[in-house]
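Participant: mind folding the following:
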Amino acid sequence: MDLRKLTIPFFAILLLGLGNIQSGKEKAETCIACHGEDGNSVVGLWPSLAGQNTNYLKKQLRLIQSGERPIPVMNGQLDGYDDQDLEDMAAYYASKKNKIGEASADLVEQGFKLYYAGSLEKGIPACTACHSPRGRGNSPAGYPLLSGQKTEYISKTLKDYRVGDRQDSEQSEIMVSIAYKLDDKEIEALASFINGLY
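Facilitator: You can find the predicted model right below:
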């Protein structure tokens, strides 16, 4: 069997559904104001998109576009974009390098323990189970990169999960059950630790 005849179809299949980075950059021009020129947000409450895994980002863009994940400031921002456009934007942001912040020294120990070991006493699993030891996420499973994410954004997101204000995907059920068990100090420690995680 001539394997060369299979090579082109194999790679064509691999490329189906992959976004075009250059096209994504052009389509993401309007995103710069909030998410930064390179996808690293300069505003604490807005997420950095740089380095985010494509599966997670595509899903979130679709949820935001459909209104299943309501974000008032994003209303209308994704109107007119088709699935390929969202693929392209996800590919562009995934190709960028995320910037790592710095964890507060007084919160590192508690954040470290929660992130790597969870809390057996409170029934909180380690964050590493889904988000990996370095916070890089798990793209095939759709779990997001956390490393370097803004402290304010992580804190708000965990609090939204805790009160049930964010329930937009299968992963949300998991996060709601975890965040419900976190107190404000634990959320503060985790958010700070994640910002400096690399």
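
Participant: could you find the closest non-adjacent residue to I64?
Facilitator: Nearest non-adjacent residue to I64, counting by C-beta to C-beta, 6 or more residues apart in numbering: M74, 5.1 Å away. C-beta: built from backbone N, CA, C; applies to glycine.

Participant: from N138, how far off is that neighbour?
Facilitator: Per C-beta to C-beta, to the nearest Å, M74 is found 25 Å from N138.

Participant: picking that back up, quick one: the residue nearest to I64 and L63 touch, right?
Facilitator: No: counting by C-beta atoms under 8 Å, M74 sits too far from L63 to count as a contact (10.3 Å).

Participant: got phi/psi on the most centrally placed residue in the chain?
Facilitator: Nearest residue to the geometric centre of the chain (C-alpha atoms, centre = their mean): P144, 3.7 Å. Note on P144: its backbone torsions stand at phi -80, psi 160 [degrees, to the nearest 10].

Participant: how about the closest residue to it other than its chain neighbours, what does it touch?
Facilitator: Spatial nearest neighbour of P144, chain neighbours left out: Y56 (4.3 Å); criterion: C-beta to C-beta, 6+ apart. With contacts defined as C-beta atoms under 8 Å, 6 or more residues apart in numbering, Y56 is in contact with 137, 139, 142-145.

Participant: where do the domain boundaries of this structure fall?
Facilitator: 19-95, 108-195 (automatic domain parsing).

Participant: out of those domains, nearest to E102?
Facilitator: Smallest distance to E102 across the domains of the chain (C-beta to C-beta): 7.0 Å, for domain 108-195.

Participant: elements contacting the helix or strand harbouring L114?
Facilitator: Assessed by DSSP states H and E, L114 sits inside helix 108-117. The contact analysis (3 or more C-beta pairs under 8 Å, 6 or more residues apart in numbering; DSSP states H and E) places helix 108-117 against helix 184-195.

Participant: what is the helix it packs on packed up against?
Facilitator: Partner elements for helix 184-195 (3+ C-beta pairs under 8 Å, 6+ apart): helix 108-117, helix 151-162.
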